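Novice: the sequence and its predicted three-dimensional model are supplied below.
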Amino acid sequence: MSRIDYSVWDHIEVSDDEDDTHPNIDTPSLFRWRHQARVERMDEFQKTTQELSKGLTECRRKLSEAQKKVQELSISTTDDAKAELSKSQTEEKKLKKEEREWEKKLEKHNREEKKMPWNVDTLSKEGFSKSVVNVKPENVEETEEEKEQKHKTFVEKNEKQIKHFGMLRRWDDSQKYLSDNPHLVCEETANYLVIMCIDLEVEEKHALMEQVAHQTIVMQFILELAKSLKVDPRGCFRQFFAKIKTSDQQYQDAFNDELESFKERVRGRAKIRIEKAMKEYEEEERQKRLGPGGLDPVEVYESLPVEMQKCFDDKDIQMLQDAISKMDPTEAKAHMKRCIDSGLWVPNSKTDDVDEKGDDATYEEVKQEETKKE
């Protein structure tokens with residue numbers, strides 16, 4: 001037969017009027033002082049709970065603002081923005097650390113509350129009238145590799161649906177589509193739409209970019225609303241659409257201003273990507289042009305004297321010989337050496353000792369050609 005566990009009653013303070021007191025002591029006054037002291041301790045404990053909760057809420061608000069600022073600066077291309085981005089990222093890390101510290105303090109405080117003995121005041125309270133702070137458990141922060149893999153997996157599975165959402169125009173259509181596909185309401189969708197906008201701008205599909213940009217800001221506004229309400233984005237996107245369709249002009253203007261700013265940032269990023277691609281293409285073409293000595297024929301040509309440039313333009317060997325004969329031998333040898341290294345001039349293949357004599361052999365070869373002509 002199982003025994004009853006009475007240990008649960010060990011943490012209950014006896015009632016104030018259950019103590020035996022000395023006949024000369026004013027018992028009602030003693031009970032009143034005891035009760036007052038206990039109530040003051042409870043009030044002090046509750047005050048600490050409120051202060052910790054307030055501190056955590058304020059820290060999370062600052063963190064949300066810092067994360068939004070980092071997201072905006074990461075798209076900007078100016079030097080000032082890059083410098084500001086580094087400072088904002090440092091601030092974001094600092095606030096994340098502070099948030100974890102506040103959560104630990106509040107969690108410790110709540111554990112202390114559970115250890116406090118029950119008394120006549122707490123036992124007599126209604127069960128559902130007590131507010132309990134539900135502290136979010138500390139999450140292990142994902143590494144960049146984990147975030148990248150998570151994004152890649154999500155896109156591979158939902159790319160077609162994300163693109164479909166990006167092409168919608170009406171508020172009602174967007175709301176219905178997200179209602180049917182609530183898993184799309186997340187950071188991964190917003191990130192994919194940003195990249196999609198830049199790709200379209202690079203491809204010069206400007207009208208299509210502006211359409212997808214509109215849906216990108218819709219998703220970002222939903223995510224920001226979820227952060228402010230501290231709820232899952234999938235549970236508040238209907239609130240966004242209800243607000244945007246019935247809101248005053250100020251909210252509409254805020255949405256449109258953010259949309260225009262985002263489109264400008266997209267154009268700036270697309271321009272940088274195009275310039276980078278052009279530089280890479282030019283470098284590839286330059287590598288293809290390099291002569292046997294590793295020099296670029298275009299650069300060598302532009303560094304030659306005008307007389308020699310004209311010789312190569314007209315492909316006139318006699319004119320080249322005349323130009324060389326009028327130049328200082330040392331300077332002429334240097335120019336011819338660079339012409340060979342870049343492929344502008346190909347030495348006579350019958351001259352076996354060209355490699356051994358270098359630019360002297362080349363210079364003499366051109367001079368010999370001139371002598372034979374005479």
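Specialist: Received, thanks. Numbers count the residues shown, from 1 in each chain.
Novice: counting by contacts, list what the strand or helix carrying residue 150 packs against.
Specialist: Assigned by DSSP states H and E, residue 150 belongs to helix 144-166. For helix 144-166, the elements it packs on are helix 171-180, helix 187-202, helix 206-229, judged by 3 or more Cβ pairs under 8 Å, 6 or more residues apart in numbering; DSSP states H and E. C-beta here means a position set from N, CA and C on the backbone, and glycine is covered the same way.
Novice: again, 6 Å this time
Specialist: If you count contacts as 3 or more Cβ pairs under 6 Å, 6 or more residues apart in numbering; DSSP states H and E, helix 144-166 packs onto helix 187-202.
Novice: and the helix it packs on, average pLDDT?
Specialist: Throughout helix 187-202, pLDDT has a mean value of 91.
Novice: one step back: avg pLDDT for the helix holding residue 150?
Specialist: Mean pLDDT, helix 144-166: 88.
Novice: who's in contact with it?
Specialist: Residues from elsewhere that reach helix 144-166, judged by Cβ atoms under 6 Å, 6 or more residues apart in numbering: 177, 181, 188-189, 192-193, 212, 215.
Novice: counting neighbours, which of these comes out on top?
Specialist: Among the contacts of helix 144-166, the one with the most neighbours (other Cβ atoms under 10 Å) is residue 189, at 27 neighbours.
Novice: residue ranges with poor pLDDT in this structure?
Specialist: Within the chain, the set of residues satisfying pLDDT under 70 comprises 1-35, 76-77, 116-140, 248, 348-374.
Novice: go again with 50.
Specialist: Along the chain, the model assigns pLDDT under 50 to residues 1, 16-17, 349-359, 361-363, 370-374.
Novice: on that earlier part again, for the helix holding residue 150, buried residues please.
Specialist: By 16 or more other Cβ atoms under 10 Å, the buried positions in helix 144-166 come out as 154, 158, 162, 165-166.
Novice: adding distance to residue 40, write these out as CSV.
Specialist: Shown next, in CSV, are the buried residues of helix 144-166 (distance: Cβ to Cβ, whole Å):
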residue, distance to residue 40
154, 54
158, 57
162, 58
165, 57
166, 60
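Novice: nearest to residue 110, of those residues?
Specialist: Closest to residue 110 out of these is residue 154 (34.9 Å), distances taken as Cβ to Cβ.
Novice: and residue 141, which of the three is it?
Specialist: Taking DSSP: H, G, I helix; E, B strand; the rest coil as the rule, one finds residue 141 in the coil state.
Novice: look up the closest residue to it, ignoring the ones flanking it.
Specialist: In space, and not counting its chain neighbours, residue 141 is closest to residue 96: 7.7 Å by Cβ to Cβ, 6 or more residues apart in numbering.
Novice: run a quick neighbour tally on that neighbour.
Specialist: Residue 96 has 15 nearby residues by other Cβ under 10 Å.
Novice: show me what the host helix or strand of it is packed against.
Specialist: Here residue 96, judged by DSSP H and E, is contained in helix 79-115. Packing partners of helix 79-115 (3+ Cβ pairs under 6 Å, 6+ apart): helix 27-75.
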